[in-house]
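Novice: Could you look at this predicted model? Sequence included:
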Amino acid sequence: MWRAIAVASVVLTACTPTQQLQAEIQEVATSPVFANQPNQAEQPASEGTVVIQGGQIRTESPGKAQIQLSDGLQFRLGGNALLKIEPELQLDRGQIIAWLAPGQQRDRPLQIRTPTATAAIRGTTVFIEQTATQTLILSWEGLVEVQLPSGASTQLTSGQVLRLQPGQTTLPTPERLSRAAAEQRFQKSLLLNGFATPMETLPEIRRQLLGSS
């Protein structure tokens, strides 16, 4: 178990402790998207922009982008998002969907922190939406472990959703995404749609939740 902290995190993959994490913007599907290096002014971002550890990436609606970390993790960011590039990615607001390419392995997890709780995954696809009043964590496919600062924890399986409010000390029962709700998310999702290249894990998500490829 991880030590309790007053943030929410999703565990995916991580560099070794001596490596400096970098994030390269692979696609700006819609502008505006911004980036800044540590202790530098924010600048408009474009494909090929690299943000080093300690910097951040920000989107303003309808802006959204696809990013790849130097450890192989890929994610999409949108919905007035603010993400800090740290060994534990820190999502202060907005939406993120993160995944590993099928067959790709990592020896230890990486956390994506939000201001509310903690979640953890390894080699799966996770969606998080952080607003001022709620953290929503959805396992699109695979296991996601969620932990509160109080130490309470639970696991999400494919298609399960957890909604958390700031200051919670107990975990609610995860909700199961219905087939209709999953299909609606596929059709309307800001981050599943509108990019040049489909996510590599999309066929597995559709297989698990909709029984199709």
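Specialist: Everything's here; your move. Keep in mind the model is a prediction, meaning the values are calculated, not measured.
Novice: and Ala182, helix, strand or coil?
Specialist: Secondary structure, DSSP: H, G, I helix; E, B strand; the rest coil: Ala182 is helix.
Novice: Just name the shakiest helix or strand of the protein by mean pLDDT.
Specialist: When each helix and strand of the chain is scored by mean pLDDT, DSSP states H and E, strand 8-11 comes last, with a mean of 47.
Novice: which residues of the protein fall in helices?
Specialist: Using DSSP state H, the helices of the chain run over residues 179-188, 202-210.
Novice: which one of these has the lowest average pLDDT?
Specialist: Among the helices of the chain, helix 202-210 carries the lowest mean pLDDT, a mean of 88.
Novice: quick one: that helix to helix 179-188, angle?
Specialist: Helix 202-210 and helix 179-188 meet at an angle of 150 degrees, taking axes from the mean of the first three to the mean of the last three CA atoms, to 10 degrees as the criterion.
Novice: Could you check helix 202-210 and say which residues are buried?
Specialist: Within helix 202-210, the residues that qualify as buried are Leu202, Glu204, Ile205, Arg206, Gln208, Leu209, counting by 16 or more other CB atoms under 10 Å. No exception for glycine: its C-beta is placed from N, CA and C like everyone else's.
Novice: which stretches of this protein have low pLDDT?
Specialist: For the chain, residues meeting the criterion pLDDT under 70 lie at 1-19, 103-110, 122-123, 212-213.
Novice: can you do 50?
Specialist: When residues are selected by pLDDT under 50, those of the chain lie in 1-17.
Novice: Now Leu143: closest residue in space, sequence neighbours ignored.
Specialist: Nearest residue to Leu143, sequence neighbours excluded (CB to CB, 6 or more residues apart in numbering): Gln155, at 5.6 Å.
Novice: Tell me how many other residues surround that neighbour.
Specialist: By the measure other CB atoms under 10 Å, the count of residues near Gln155 is 14.
Novice: That one bridge partners, please.
Specialist: Gln155 has these beta-bridge partners by DSSP bridges: Glu145.
Novice: if I look at it, how far off is Gly63?
Specialist: Gln155 is 33 Å from Gly63, where distance means CB to CB, to the nearest Å.
Novice: What are the buried residues along stretch 155-170?
Specialist: Buried positions in stretch 155-170, judged by neighbour count with 16+ other CB under 10 Å: Leu156, Ser158, Gly159, Gln160, Val161, Leu162, Leu164, Gln168.
Novice: what's the span of that stretch, first residue to last?
Specialist: Across stretch 155-170, the terminal residues are separated by 14 Å (CA to CA, to the nearest Å).
Novice: quick one: contacts of that stretch?
Specialist: Residues from elsewhere that reach stretch 155-170 (CB atoms under 8 Å, 6 or more residues apart in numbering): 8, 115-117, 119, 133-146, 148, 150, 152, 154, 171-172, 174-177, 182, 205, 208-209.
Novice: Mind giving me the ChimeraX select for the residues you listed, buried ones only?
Specialist: For anyone working in ChimeraX, the buried entries among the contacts of stretch 155-170, judged by 16+ other CB under 10 Å, can be selected with:
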select :8,116,117,119,135,136,137,138,139,140,141,142,143,144,145,146,148,154,171,174,177,182,205,208,209
